[in-house]
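**Q** 3D model of this:
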Amino acid sequence: TDMFDGIVLAEERFHGEGYQEGFAEGSHAGIAEGRRCGSLHGARMGSEIGSYLGFALTWHCLLQKSTDEKNSKKIKALDSLIGMIQKFPYEDPTYDKLQEDLEKIRGKFKQVCSMLNIQSDFRIGTERSSLTF
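**A** Modelled structure (predicted):
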């Protein structure tokens with residue numbers, strides 16, 4: 001009876017072993033794909049936020065020289081954008097409001113562009129990323 005049990009249970013045993021091997025292989029491939037995808041999206045987000053910060057700092061320096069009342073409102077908006085970017089937790093991918101805060105930064109950027117009478121168009125392509133005016 002032991003010989004027949006081995007034959008009958010062989011299919012079940014091979015199925016279990018195959019499942020375990022497939023699960024291990026899939027887990028390894030999933031982790032590698034997740035890292036690649038996370039790196040790509042993180043780089044895009046970093047590029048976008050870095051462009052916003054460079055834009056805001058440049059305009060802040062340009063407008064700081066003027067004492068016009070209109071410029072003080074623009075400088076306040078730029079200060080707000082710079083502060084939002086500096087507080088953004090881009091090093092913490094587990095931050096639960098990451099997308100929400102990114103959308104707020106995008107909204108503030110658009111507001112600043114409107115105040116400066118600048119057309120904003122941030123695009124991320126496969127070859128390059130650019131901020132055009």
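**Q** Remind me what the longest helix anywhere in the chain packs against, helices and strands.
**A** Ranked by residue count under DSSP state H, the longest helix found in the chain is helix 2-64. The elements that helix 2-64 packs onto, with contact taken as 3 or more CB pairs under 8 Å, 6 or more residues apart in numbering; DSSP states H and E, are helix 69-87, helix 98-115, strand 121-124, strand 129-132. Just so you know, the C-beta spots here come from the backbone N, C-alpha and C atoms, and that holds for glycine as well.
**Q** next one: it to chain centre, how far?
**A** Using CA atoms, centre = their mean, to the nearest Å, the mean C-alpha position of helix 2-64 is found 15 Å from that of the whole chain.
**Q** what stretches of the chain score poorly on pLDDT?
**A** For the chain, the stretches flagged by pLDDT under 70 are 1-2, 122-133.
**Q** For the spatially most central residue of the chain, give its distance to residue 54.
**A** Nearest residue to the geometric centre of the chain (CA atoms, centre = their mean): residue 45, 3.7 Å. Counting by CB to CB, to the nearest Å, the gap from residue 45 to residue 54 is 15 Å.
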